[in-house]
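Trainee: when you get a sec, could you give me coordinates for this:
(chains A and B)
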Amino acid sequence: MTRSRSPILARPATLIVIWCLLLLFSAAASAAWQYRVLSNELAQESFVLHRLASQRADQHDAHMTALSAIAVASDGRSFDLFIDVASTIARFYPRIDEVQLVPLDPQAEITGTAPLDPAAAELIRAAARASDGRIALLPHPSRPDHYVMIKRSPNSAAARYGLMLGIDAGKLISDEAPFWSRPGVTVRLSLPDGRRVVGPPAMPTAIGFSRPLGSASQPLILETGVEITTGDLLPPLQTFLTLLAVSLAYLAALGALRQRARTRAAVQQARLSALESRLAHASRVNALGEMASGMAHELTQPLTAILAQAQAGRRLANRGDAAALAPVLDDTVTQAKRASAILERFRNWSRPQNTPASAFDLRGALTNVQTLLGPEAATRRIRLDIQLPEKPVVIVADPIEMEQVAFNLVRNAMEALETSQSAAGQIMVNLREDGPRAVFEIRDNGPGVPETMRARLFTPFVTTRADGTGLGLALSQRLVERAGGEIALVDDGPGATFRITLPRKEEIAEAAQ
Amino acid sequence: MSSPVYLVDDDEAVRHALGLLLSTVGMKVTGFADPQAFLAQVARLEPGCLILDIRMPVISGLKLQERLTEQGVDWPTIVISGHGDIEACRRAFRNGAVDFLSKPIDEQDLIDAIQKGQQVLESALRKRAETAETITLLAALTARESEVLDRIASGFTTRQIAEGLGLSPRTVESHRAAIGAKLGTTSQAEMTRLWLEGRETP
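Mentor: Take a look at the predicted model:
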């Protein structure tokens, strides 16, 4: 039912470990998110680039067809028109930076936008001759980052020219998008047979995109990639802010938990103290109840005597026997006084218990106890011997409470002697001054306190008597401690000895100075 | 009306006051402060009415009542108590108490209870005395006369008795006359009653 405070909150090391784990986890989650963002971005940008490059490549087909037609039409005459068109194309499409028309006849003159070296011309002728009508793709023989498209013209077995378009691959795949200018982003274009045209020899392995261009004549392979660094995954500012937010949330959660634990502890404490005050009240009520029951029994004795004496007296009076009447009346007075003494005791007991502490002579309290319990001890054949010093022993406490303590202890002793069956029951109460303290001991020659009981002697509801409440000693201890004293069982058998030590008044005065 | 009253109560004032009260109505009261002292003396005491307090040290009134029964003391007992405890009351009556009174006790209740107890005691004593007398009478019969009386009480005729004992009817008649003289009656019914009474207390 009672939930204790969460123990985790009380272990700083554990809290720090949890915090670190939480930070690690947040960083990892953040990095994973960043990775996903990057790869998505790469895929998106690559897709756009791929479409753009494919469209551009398709344009080359149209240019080749047009140039081929012009070349065939100009056959045998001036190639000025061809050159014009080629120059125009190259001007509008800067990536097409070379157009060559190479007659298959090695003796004929080569027409082109730039001078062509014989080896390259021979390569073109060879490609054109080998062509089956499709455009051949080759790396540029002399220019880096370039590839060439070679087509026979006219496109039949009777071809007379090899038409060549030199393409700047870098421009083909250039894009204005800022993504491609980021460090770590790489793009590569290769010929279908895998020969690299432009781009680094090795691509980043982390995230990649690889697809042939959507052009029938130029299925060049476009590859993109991003080199991911720790800095990319964990951008410092963002990471710092994330971790800060996580830490703050963690602290807030801890604070809330601690607050809750504290509230719960306070509620628990309140419940405990309520319980304790109820217990104290119950023990007092119980003691009072016991007292009242004993009181009722004790009151019946004088009342019985008074009634019998009064009725006997009435008969004597009727008879006119005045001489016999006088002692009867004396006895009646005695019994009435006895009854009122008993009532006085009860009044003392039932008086509100929060009377302020006052200085009083402890001897008086013990004398009262003797008066209260003397008759009962006598009927039980117990010798109740109270030894008091000559001088007053003054302490500061509630006199009634101290009387109650002595009363409880003497009554316990009487109960113990009752069960012991020993012939000569004896209770010794001894009061003395011991330096700054007042000490009184209550000793009986009964069976003593059983070994098993000693540890729990002052625990409420622990009792050896079948009809006992187990509150007498618990209450006595509470009262003695409230008066700044101590109560203890002195272990010097054979009977039981309880010693109560209380600070004397002189001592209290000295301590206050 | 003058059988003694024994009061066992540990409270001296109560003992004296009740003793005084009862003495004013002419009763002779002996008080005992301690049940054990009473137990020690009871054998020497004249039969009387007992008043026992329940709450006493060492031996309670109820326990004393039981001890007395064990010792064969069946004097009428009045139990008095400061507590109106039903269980104690039940136990007192189960032990044969004449009455159970709560303290403080009104004189009339007490006197009534004692008188009732004394009546019980007297009738018991009278009954016991009568039985003793009968036994004395029966003891005066000879063995033969006892045999004849047995048969008379069993309802046999003189002739049947004579046949059963092998005597002449005349002899049986003379035995019968002797029995009548010794028991002081000639009625067969009265003879049977005495015979039965004698049988009840062997």
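
Trainee: who in chain B is up against chain A?
Mentor: Within chain B, the residues that sit near chain A (Cβ under 8 Å from any Cβ of the partner chain) are B:10-11, B:13-14, B:16-18, B:20-21, B:23-25, B:55, B:57-58, B:82-83, B:103-107. (Each C-beta comes from the backbone N, C-alpha and C, glycine too.)

Trainee: those in strands, which ones?
Mentor: Among the residues of chain B next to chain A, no member falls in strands (DSSP state E).

Trainee: of these, select the buried ones using a PyMOL command.
Mentor: In PyMOL syntax, the buried subset of these is picked out as below (16 or more other Cβ atoms under 10 Å in any protein chain shown):
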select buried, chain B and resi 10+11+13+14+16+17+18+20+21+23+24+55+82+83+103+104+105+107
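
Trainee: residue A:197 should be in a strand, yeah?
Mentor: Yes. Assigned with DSSP: H, G, I helix; E, B strand; the rest coil, residue A:197 falls within a strand.

Trainee: residues in contact with it?
Mentor: Shown in contact with residue A:197 (Cβ atoms under 8 Å, 6 or more residues apart in numbering or on different chains): A:139, A:145, A:146, A:147, A:169, A:189, A:190, A:191, A:220.

Trainee: with respect to residue B:67, which of those is nearest?
Mentor: Nearest to residue B:67 among those, counting by Cβ to Cβ, is residue A:190 at 125.8 Å.

Trainee: got phi/psi on the closest one?
Mentor: For residue A:190, the backbone dihedrals are phi -130, psi 160 (criterion: degrees, to the nearest 10).

Trainee: quick one, what contacts it?
Mentor: A:196, A:197, A:199, A:220, A:221, A:223.

Trainee: what is the burial count for residue A:386?
Mentor: 20 (other Cβ atoms under 10 Å in any protein chain shown).

Trainee: that should have said residue A:254, apologies.
Mentor: 15.

Trainee: how near is residue A:199 to residue A:138?
Mentor: Separation of residue A:199 from residue A:138 (Cβ to Cβ, to the nearest Å) stands at 17 Å.

Trainee: what's the closest non-adjacent residue to the spatially most central residue of chain B?
Mentor: Nearest residue to the geometric centre of chain B (Cα atoms, centre = their mean): residue B:124, 3.2 Å. For residue B:124, ignoring the flanking residues on the chain, the nearest one in space by Cβ to Cβ, 6 or more residues apart in numbering or on different chains is residue B:74 at 7.4 Å.

Trainee: that neighbour contacts residue B:96, correct?
Mentor: Yes. The criterion here is Cβ atoms under 8 Å, and residue B:74 meets it with residue B:96 at 7.3 Å.

Trainee: name the residues of chain A found near chain B, please.
Mentor: A:296-297, A:300-309, A:311-312, A:315-316, A:319, A:328, A:331, A:334-335, A:338, A:379-381.

Trainee: just how off-centre is the top helix by length along chain B within its chain?
Mentor: Criterion DSSP state H: the longest helix present in chain B is helix B:107-139. How far helix B:107-139 lies from its chain's middle: 5 Å, per Cα atoms, centre = their mean, to the nearest Å.

Trainee: avg pLDDT for that helix?
Mentor: The average pLDDT within helix B:107-139 is 88.

Trainee: elements contacting that helix?
Mentor: Judged by 3 or more Cβ pairs under 8 Å, 6 or more residues apart in numbering or on different chains; DSSP states H and E, helix B:107-139 is in contact with helix A:236-319, helix B:12-24, strand B:49-53, strand B:77-81, strand B:99-102, helix B:169-183, helix B:188-200.

Trainee: okay, angle between it and helix B:188-200 too, please.
Mentor: Helix B:107-139 runs at 100 degrees relative to helix B:188-200, counting by axes from the mean of the first three to the mean of the last three Cα atoms, to 10 degrees.

Trainee: next secondary structure after helix B:107-139?
Mentor: Remark: after helix B:107-139, the chain's next helix or strand is helix B:143-153, criterion DSSP states H and E.

Trainee: then stretch A:473-481 to PDB, C-alphas only?
Mentor: Extracted as PDB, the C-alpha positions of stretch A:473-481 are listed here (Å, rounded to 0.1, in the frame of the first residue of the first chain):
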ATOM      1  CA  LEU A 473       4.400   0.600  28.700                       C
ATOM      2  CA  ALA A 474       4.200   2.200  25.300                       C
ATOM      3  CA  LEU A 475       2.300   5.100  26.800                       C
ATOM      4  CA  SER A 476       4.600   5.300  29.800                       C
ATOM      5  CA  GLN A 477       7.600   5.500  27.600                       C
ATOM      6  CA  ARG A 478       6.000   8.300  25.500                       C
ATOM      7  CA  LEU A 479       5.200  10.300  28.700                       C
ATOM      8  CA  VAL A 480       8.700   9.900  30.200                       C
ATOM      9  CA  GLU A 481      10.400  10.900  27.000                       C
END
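
Trainee: that concludes my questions; thank you for your assistance.
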